[in-house]
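>>> Based on what follows, work out the 3D shape:
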Amino acid sequence: QVQLQESGPGLVKPSQTLSLTCTVSSGSLIISYYRWSWIRQPPGKGLEWMGAIASDGSTYYSPSLKSRTSISRDTSKNQFSLQLSSVTPEDTAVYYCSREMYGGSWGYDDWGQGTQVTVSS
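Numbering: from 1, shown residues only. As a prediction, the model looks like this:
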């Protein structure tokens with residue numbers, strides 16, 4: 001079973017860039033039929049898929065966040081990262097990294113425990 005662990009600052013100031021890293025254990029970022037994604041859950045709201053990076057390095061983003069989001073990876077460290085620019089208090093959420101598996105459609109396979117990020121001055 002894959003283990004995923006999010007890390008990064010818990011507090012970000014408005015207009016700054018939120019940066020998180022997911023470290024993957026017992027799994028490889030380059031295996032086909034998997035992609036590595038970021039999901040968030042604002043307080044009192046549902047889960048929001050933000051974007052993903054595929055085994056070949058291709059990236060996919062939610063249309064609503066595409067202009068502010070960047071996902072990258074470091075295969076030598078088995079890590080992938082999220083950057084969300086120009087944050088506002090509405091970006092306050094628990095952020096999760098996840099592995100998705102393709103079996104006709106994409107489905108969540110494994111999750112990190114999540115990390116709280118608060119946007120506040």
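
>>> At the geometric centre of this protein, which residue sits there?
A centroid search over the chain (Cα atoms, centre = their mean) returns residue 38, at 2.2 Å, as the residue closest to the centre.

>>> Check which helices and strands the least confident helix or strand in the chain by mean pLDDT sits against.
Every helix and strand in the chain was compared by mean pLDDT, DSSP states H and E; the lowest is strand 106-111, with a mean of 92. Counting contacts by 3 or more Cβ pairs under 8 Å, 6 or more residues apart in numbering; DSSP states H and E, strand 106-111 packs against strand 3-7, strand 93-102. Where you see a C-beta, it was placed from the backbone N, CA and C, and this is true even at glycine.

>>> Residue 35 versus residue 54, what's the distance?
Here the criterion is Cβ to Cβ, to the nearest Å. By it, residue 54 lies 4 Å from residue 35.

>>> same check, this time on residue 22
Distance from residue 22 to residue 35, by Cβ to Cβ: 12 Å.

>>> Compare those two (neighbour count), which wins?
residue 22 (27 against 24; other Cβ atoms under 10 Å).

>>> so the helix or strand harbouring the more buried one versus strand 3-7, what angle?
Here residue 22, judged by DSSP states H and E, is contained in strand 18-25. Orientation of strand 18-25 against strand 3-7 (axes from the mean of the first three to the mean of the last three Cα atoms, to 10 degrees) gives an angle of 160 degrees.

>>> buried residues in strand 18-25?
18, 19, 20, 21, 22, 23, 24 (16 or more other Cβ atoms under 10 Å).

>>> so what's the fourth one up against?
The reference is to residue 21. Neighbouring residues of residue 21 by Cβ atoms under 8 Å, 6 or more residues apart in numbering: 6, 7, 8, 79, 80, 81, 82.

>>> next one: the helix or strand hosting the residue nearest to the centre of the chain to chain centre, how far?
Per DSSP H and E: residue 38 is located in strand 34-41. Its chain's C-alpha centre and that of strand 34-41 lie 5 Å apart, by Cα atoms, centre = their mean, to the nearest Å.
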